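# below are the sequence and a predicted model for it; my questions follow.
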Amino acid sequence: MNLEKLQAFVLSSSDYGESDRIVSLFTLEHGRLKGFARGARNSRKRFGPALETFARIDLQLNHKDGLSSLRSADVITLYSGIRGALDAIAHALYACELVDCLTPEGQSLPRLYRLLAAYLERLDSNHVDDADRRLFEINLLNILGYRPSLEGCSRCGSDFGEGGALMQEGGELVCRFCARTGKRISPSALRGLASCLATSRFGVIAFDPEALQSAGALLDESLASHSARKLKSLEFLQQACG
Ligand SMILES: [Zn+2]
């Protein structure tokens, strides 16, 4: 028996059979793993509300490759501030699904764990805005090694200068000499995203509306190219936040 005590966020949770649940967990110690919660649907006593999506929990489990078996789970926080506002819920579900979809199984990513914790705390205090979402996304891409080349052309290395960059498929950024077509990503968007990486603190970086839109187009394309599937929560986010 290999019983371990871990800290985790619940990324998603689904019913299994008559009485059990399978949860996707993002643990501080081992990164993403799948857990089997026997009897979680029948007995609320054992797990209580601890297996709700985006809850932060302490847990005990028998750690195995593939499917670990949950012994107990205690809530650290359910983020009740988030749960009272539809736009905050939409952003929290989206952040969790991004982590669920993009991170490798079984690899500890403590920086990403802290980033997700900081973002959920920000949403919990009823700060919901696009700049925070983009700060979360660019830092997530950076931690996972998927960051677009913000400083210069990914093909020839030259500075983008005041002309900005041209976006190619998958969010690749190139200069005007290396490609003739592509959506223009403005210099202010590139600078804003670089600042997001430099601080990784929420509520510090401001984007003007054009830069926010341009940065958003780049991040949407980059994230879509690294996601194995279309994110369910993205549609909900677009509906909830118009
Ligand atoms: Zn170039």
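Sure, I can see it.
# in the helix or strand bottoming out on mean pLDDT in the chain, what counts as buried?
Counting by mean pLDDT, DSSP states H and E, the weakest-scoring helix or strand in the chain turns out to be helix 44-47, with a mean of 77. Neighbour counts over helix 44-47 (16 or more other Cβ atoms under 10 Å) mark Arg46, Phe47 as buried. (Glycine included, C-beta is placed from N, CA and C.)
# mind giving me the packing neighbours of the next helix or strand after that helix?
Toward the C-terminus, helix 44-47 is succeeded by strand 56-62 as the next helix or strand (DSSP states H and E). Packed against strand 56-62 by the contact rule (3 or more Cβ pairs under 8 Å, 6 or more residues apart in numbering; DSSP states H and E) you find strand 3-16, strand 67-77.
# if we go to 10 Å?
The helices and strands touching strand 56-62, judged by 3 or more Cβ pairs under 10 Å, 6 or more residues apart in numbering; DSSP states H and E, are strand 3-16, strand 20-27, strand 31-37, strand 67-77, helix 110-124.
# quick one: average confidence on the shortest one?
What it means is strand 31-37. Averaging pLDDT along strand 31-37 gives 96.
# residues of that strand that come out buried?
Under the neighbour-count criterion of 16+ other Cβ under 10 Å, strand 31-37 has Gly31, Arg32, Leu33, Lys34, Gly35, Phe36, Ala37 buried.
# and the chain, which residues reach the ion?
For the chain, the residues in contact with the ion (Cβ under 5 Å from the ion) are Cys153, Arg155, Cys156, Cys175, Cys178.
# phi, psi for the third one please.
Note on Cys156: backbone dihedrals following degrees, to the nearest 10 are phi -110, psi -10.
# do the last one as well
In terms of degrees, to the nearest 10, the main-chain angles of Cys178 are phi -90, psi -20.
# what does the pLDDT read for the closest residue to it other than its chain neighbours?
Spatially, and ignoring its direct neighbours in sequence, Cys178 is nearest to Arg155 (4.4 Å; Cβ to Cβ, 6 or more residues apart in numbering). We have a pLDDT of 97 for Arg155.
# give the contact list for the residue lying closest to Ser149 once chain neighbours are set aside.
The shortest distance from Ser149 to any non-neighbouring residue, by Cβ to Cβ, 6+ apart, is to Leu173 (5.3 Å). Leu173 makes contact with 148-155, 160, 164-167, 179, 182, 185, 190, 218, 222, according to Cβ atoms under 10 Å, 6 or more residues apart in numbering.
# now do Leu197
Applying Cβ under 10 Å, 6+ apart, the residues contacting Leu197 are Leu135, Ile138, Asn139, Leu141, Asn142, Arg147, Leu150, Ile205.
# likewise Arg46?
Applying Cβ under 10 Å, 6+ apart to Arg46 gives the contacts Ala37, Arg38, Gly39, Ala40, Leu70, Arg71, Ser72, Ala73.
# now a PyMOL select for only the buried ones of the residues you listed.
To isolate the buried ones among the contacts of Arg46 in PyMOL, judged by 16+ other Cβ under 10 Å, type:
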select buried, resi 37+38+40+70+71+72+73
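# Arg21: neighbouring residues, count only.
As a burial measure, Arg21 scores 19 neighbours (other Cβ atoms under 10 Å).
# distance of it relative to Gly81?
25 Å (Cβ to Cβ, to the nearest Å).
# so Arg122 is in contact with Ser200, correct?
No: using Cβ atoms under 10 Å, Arg122 is not in contact with Ser200, being 12.0 Å away.
# good, wrapping up.
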